[in-house]
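Trainee: Okay, structure incoming, though there's no sequence with it:
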């Protein structure tokens, strides 16, 4: 009851706290000017009207002489007016009748002509109708080619792509690179990666054990869990010309870093994933011309701000925006953690608030179900249409954190609910909101992972929203979202909820391409070394690229993704990081001159959401193209500032004496329009990091 | 405000067609119009639209002011009507609710950046906007009642004169709003 009171007073207080901004003098003068002209016009009309009134008065005298006097019964006049068609019709009919009888009797020949003319007009009328029919017919085929048009185009573009791919001497290069030494290095790498996987598995198991430990204490502090990231190092093109990774559209890392910095603490290194920081921001890369291809790569080469003589290659992708009126229906099941650990201002209350924001961005015929786990395990709300918003809000309202973590079958229940309401045409998604207590029913992390994976293949996706800190299990959340074809976001504030669930709701909810992988092959003739910034957790093996069975990241509608490579061109004065090898075979086949101005070749594989075989897009990285649109350069430079920031937070091994003030300066210069203020916020964060770093 | 008699004579002059007097009136009251409009919609651009509409409407409607109530309360009623009309128009223009939500909100964010920092103020804006949305969903007449009483700080009696209702109706409405408002707002804007 106390709760009730505080609620309402908050609402009252909130209303009383709306301070409207000062009036804009321009808007004011504009409004006044418009009103003044209206005023004068009105005055003129008034005087004109009053003049008219006088005129009418003088007419009044003749009123009695009118054929129909409306003096006593105005209703009657109106009736006549209303029936004018009837009266005029009757009149015409009678005239026609009299006319035809007259004609028939006296002028026989004349009537013949008359009827002739009549039949001619009827014929014309018929023709006209035919015309209309033809028109109607002709509009239909017009619409039909529109619908089919993109198809042949997509075929041709695909042909073109494969054609392009054949033209490239790519196989040649890869053949050449398969000399003995690299072959063994690749084998080694495979071994390494399997080691890494095992290590990961172990850490996951540890995670599960730790979870058990958590159940006893709720005041968890400093137990945020992140997987260890080994920063990408500089690679020699001669030894490893190909770099492969999966895209990553998550932004959880940025929100977590922001939270830490806002508390005046530098985040732990493993919490910083450079790609997630970069992709937090929206970049205006050009959109694809037609929708048969969901996106188009933009490649920008800029001088590196970190090392003189090196260059940055930005690979930018922007997915097309879905037509807002034609979005598929959403079938969403919220799986909410209500365990005792959620009992904190920035957890369950924020979850509730965020979910009601999500409701605002859904449409009336979407459905929402709610399942909770922990003390009150079970279905709180059967799938309900968003039309009945009040009902959904009421069930959200009733939730409160507490009780023991009773395990339960939270996640199975959520999937059951989603399956119950499964709609092939719709986007079926489970949204898990938690602070890291993954006590969702399946204990073993590996089992949980494969469970999510199986359900993904059935068409139910999983997104994860992280809340709170102290107990935050980033590692498992990332794994789950990746395996569930969903996003992992970290909600630290209402504004972040607004960003993820309202402003970007279409990208968060509707995938346009899945399993998107990028492979870049560098040209050893022009590039000596390269380094990929970020994407450490998304590394793929070279052969995974063409293997459609290997899962990768997904792109939502309107998402923009950037990847940055720092390269050392062959002809640059910058000293390569590692010495050249003495014994490797240096005899390189002479390349055709046309390849001399290519830094490399980008290939992107993706699947359309409902398909299981991938498609390929490829593009050349030109070394001699240096002119781009101003907007593109601005975005690229901003992205490199963010990348620099991320590397600084991770220790700055490869960026020389690049500092926070450089970050701030570059970001400030390239802020652009910054509609939502995210970039401005980034600059503030960089300042906070600078201060925290100095302390 | 300083002298009511001066204002009354100004209104009379404007009613009889004096453009200067009308302009002076607008200058005096534009701020009130805008402020209340902002509280109605929570977005600067929209508030400017509504205020402008109200000014234009005032040009034609001023002569209907009969000095039966105070001029400001008469103005409030005008703004409320304009705001409602404007909202109807908005609803007609944006075909789906989703579109309205996202696009409008985008525009709003842009404008909100002008006077809200990203920390607490920004969060409050979001909360306020949600609250306004919820008031929208309540029965007809609830929103203006809530705004007049809570946001403008009128007593129930004053609000009653503005809306042309009985004082008891206002009290009942305020009570009803309290009952129906979403407890989601239990989350304090610390």
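Mentor: In hand now; what should we look at? Predicted model only: the values in this text are computed from it and were never measured.
Trainee: Beyond the helix or strand of chain B with the lowest mean pLDDT, next helix or strand please.
Mentor: Of the helices and strands making up chain B, the lowest-confidence element is helix B:97-112, at a mean of 44, by mean pLDDT, DSSP states H and E. Per DSSP states H and E, the first helix or strand lying C-terminal to helix B:97-112 is helix B:120-137.
Trainee: Is that next one in proximity to chain A?
Mentor: Yes. Contact of helix B:120-137 with chain A (C-beta under 8 Å from any C-beta of the partner chain) involves B:122, B:123, B:124, B:126, B:127, B:128, B:130, B:131, B:133, B:137. Placement of C-beta: from N, CA and C, glycine included.
Trainee: how about those in a markdown table, adding pLDDT and neighbour count?
Mentor: Converted to a markdown table, the residues of helix B:120-137 next to chain A look like this (pLDDT from 0 to 100; neighbours: other C-beta atoms under 10 Å in any protein chain shown):
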| residue | pLDDT | neighbour count |
| --- | --- | --- |
| B:122 | 65 | 21 |
| B:123 | 68 | 20 |
| B:124 | 71 | 17 |
| B:126 | 75 | 24 |
| B:127 | 77 | 21 |
| B:128 | 79 | 19 |
| B:130 | 77 | 21 |
| B:131 | 81 | 23 |
| B:133 | 78 | 14 |
| B:137 | 76 | 12 |
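Trainee: and of those residues, the nearest to residue A:239?
Mentor: Checking those against residue A:239 by C-beta to C-beta gives residue B:122 as the nearest, at 49.4 Å.
Trainee: gap between residue A:491 and residue A:255?
Mentor: 7 Å (C-beta to C-beta, to the nearest Å).
Trainee: what about those two, which has more around it?
Mentor: It is residue A:491, of residue A:491 and residue A:255, that has more neighbours when counted by other C-beta atoms under 10 Å in any protein chain shown, with 26 against 22.
Trainee: Need the pLDDT of that one.
Mentor: With respect to pLDDT, residue A:491 scores 88.
Trainee: Who is it paired with across the strands?
Mentor: residue A:467 (DSSP bridges).
Trainee: Return the residues in contact with it.
Mentor: A:255, A:350, A:351, A:354, A:465, A:466, A:467, A:497, A:500 (C-beta atoms under 8 Å, 6 or more residues apart in numbering or on different chains).
Trainee: The same query, at a cut-off of 10 Å, please.
Mentor: By C-beta atoms under 10 Å, 6 or more residues apart in numbering or on different chains, the contact list for residue A:491 reads A:252, A:255, A:259, A:346-347, A:350-351, A:353-354, A:433, A:465-468, A:497-501.
Trainee: Narrow those to those in strands?
Mentor: Assigned to strands by DSSP state E, the following of the contacts of residue A:491 qualify: A:433, A:465, A:466, A:467.
Trainee: farthest-separated two in these?
Mentor: Going by C-beta to C-beta, the pair spanning the ones in strands among the contacts of residue A:491 furthest: A:433 and A:466, at 8.1 Å.
Trainee: what touches both of these two?
Mentor: A:489, A:491.
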